[in-house]
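*Asks:* Got a sequence here, can you build the structure:
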Amino acid sequence: MKSNDILFSIIIPAYNYGHMLARAVESALSQEGDDYEVIVIDDGSTDDTPAVVEMLVERFPQRLRTIRQQNQGPAAVRNRGVAESLGEYLIFLDADDRLLPDALTKFRNFLVNSGQFGMVFAGHRSIHPDGRIKVHRAKSIGNDRMKNFLGYIRKDFGISNGATIMAREVLSKIRYPEHLRNSEDIPVFAQVLACCNCTSFPDPVVDIFKHDDSLRNNISLIMKTGAQVVDCLFDPKVLPTNFMKFRDEMYARQCLSLFRSLYLVGQYATARIHFHQAARVSPGVIWQWSFVSKYLRSYFRG
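*Replies:* Numbers count the residues shown, from 1 in each chain. Just a heads-up that it's a prediction; the model follows:
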């Protein structure tokens, strides 16, 4: 297959998800059409991921590209995927998730009918440990880049990996911040919304599997990244000047996100510190009952 024949590159970063990787790969390789490639990048896994990758290569010869590197983190894997892939649009599918059977068909048809964009995102389904399935339809966005940017950082809508395609041209200019080991997608999604024409369609295209212990396992990473996400997002080399005025608001919202995460794992005193930081920087953002109620309850819980 020639590079100019490849419309989509499906890139699957893999780190210690050997027990789930086959499901993600199978969902990618079962898509209709011959205009896509699938690449698995093993980020130095220490479980059975290498053996699973070898098995998958044997099952799907000539159809699956694989790369193994020393562990460098999710952002470095994504940047490696950009460099190694050939598609006009890139999809990053997490190794524990699954593309729906008609995912590429929906993206393909949308592009034919709507034209080219820097980013197109769609809906997804959440699959919970008890088997519950919840459909999340993507919010419609227009051509106003400022409105889209603010909607995203204010969490009026979300964007999920696996449910999003981004143009190669965009990712050649906006790179994932490799020093972040968590939330590396937030600055990229926000910067693309600010710098490019983006759009969406509501239909779900991916199953995202939820894990009960994910927050507790990731709390140390969440604490480490913290305000670094804001520094990466508000990079003056990338973000247009007229967007820089929202830095304090974003910092306060990031503090509130840390407050919520810490509250949910029972670290109430530390959680309140981040609530206070948000109040000092941008007082207006704290007056949501979901945050205020948790703040008040934190004094009774510890």
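*Asks:* hey, which helix or strand in this structure has the poorest pLDDT?
*Replies:* Every helix and strand of the chain was ranked by mean pLDDT, DSSP states H and E. The lowest is helix 214-225, at a mean of 62.
*Asks:* Just checking, which helix or strand succeeds that one along the chain?
*Replies:* Sequence-wise, the next helix or strand downstream of helix 214-225 (DSSP states H and E) is helix 228-233.
*Asks:* elements contacting that following helix?
*Replies:* The helices and strands touching helix 228-233, judged by 3 or more CB pairs under 8 Å, 6 or more residues apart in numbering; DSSP states H and E, are helix 185-195, helix 247-264. To be clear about C-beta, it is placed using only N, CA and C from the backbone, and glycine gets the same treatment.
*Asks:* which of those is buried the deepest?
*Replies:* Most buried of those, by mean neighbour count (mean count of other CB atoms under 10 Å): helix 185-195, with a mean of 23.
*Asks:* Now it: average pLDDT?
*Replies:* Helix 185-195 carries an average pLDDT of 97.
*Asks:* Mind listing the strands the helix or strand following it pairs with, and their directions?
*Replies:* Sequence-wise, the next helix or strand beyond helix 185-195 is strand 198-209, with elements assigned using DSSP H and E. Using DSSP bridges, strand 198-209 pairs in its sheet with strand 98-99 (antiparallel), strand 119-127 (parallel).
*Asks:* Domain-wise, how is the protein divided?
*Replies:* What automatic domain parsing lists as the domains of the chain is 3-212, 240-301.
*Asks:* out of the ones you listed, nearest to Leu233?
*Replies:* The minimum distance between Leu233 and the domains of the chain falls on domain 3-212, with 3.8 Å, by CB to CB.
*Asks:* mind checking how far the closest one is from the chain centre?
*Replies:* The chain centre lies 8 Å from the centre of domain 3-212; the measure is CA atoms, centre = their mean, to the nearest Å.
*Asks:* got any ranges where this structure has weak pLDDT?
*Replies:* 1-4, 212-221 (pLDDT under 70).
*Asks:* how about the strands in it?
*Replies:* Under the criterion DSSP state E, strands of the chain are mapped to 8-14, 36-43, 64-69, 89-92, 98-99, 119-127, 133-136, 164-167, 198-209.
*Asks:* Pipe the ones you listed into CSV and attach distance to Val57 per row.
*Replies:* Formatted as CSV, those follow (distance: least, CB to CB, whole Å):
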stretch, distance to Val57
strand 8-14, 13
strand 36-43, 9
strand 64-69, 6
strand 89-92, 20
strand 98-99, 19
strand 119-127, 27
strand 133-136, 31
strand 164-167, 25
strand 198-209, 23
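*Asks:* could you dump stretch 239-257 to PDB, C-alpha only?
*Replies:* What follows is stretch 239-257, C-alpha atoms only, in PDB (Å, rounded to 0.1, in the frame of the first residue of the first chain):
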ATOM      1  CA  LEU A 239      -1.600  29.200  21.200                       C
ATOM      2  CA  PRO A 240      -2.800  32.400  19.500                       C
ATOM      3  CA  THR A 241      -2.200  35.600  21.600                       C
ATOM      4  CA  ASN A 242      -5.900  36.400  22.100                       C
ATOM      5  CA  PHE A 243      -6.300  33.000  23.900                       C
ATOM      6  CA  MET A 244      -3.600  33.600  26.500                       C
ATOM      7  CA  LYS A 245      -6.000  35.700  28.700                       C
ATOM      8  CA  PHE A 246      -7.800  32.500  29.800                       C
ATOM      9  CA  ARG A 247      -4.700  31.100  31.500                       C
ATOM     10  CA  ASP A 248      -5.800  32.000  35.100                       C
ATOM     11  CA  GLU A 249      -9.200  30.500  34.500                       C
ATOM     12  CA  MET A 250      -7.700  27.300  33.200                       C
ATOM     13  CA  TYR A 251      -5.300  27.100  36.100                       C
ATOM     14  CA  ALA A 252      -8.200  27.500  38.500                       C
ATOM     15  CA  ARG A 253     -10.200  24.800  36.700                       C
ATOM     16  CA  GLN A 254      -7.200  22.500  36.900                       C
ATOM     17  CA  CYS A 255      -7.000  23.100  40.700                       C
ATOM     18  CA  LEU A 256     -10.700  22.200  40.900                       C
ATOM     19  CA  SER A 257     -10.000  19.000  39.000                       C
END
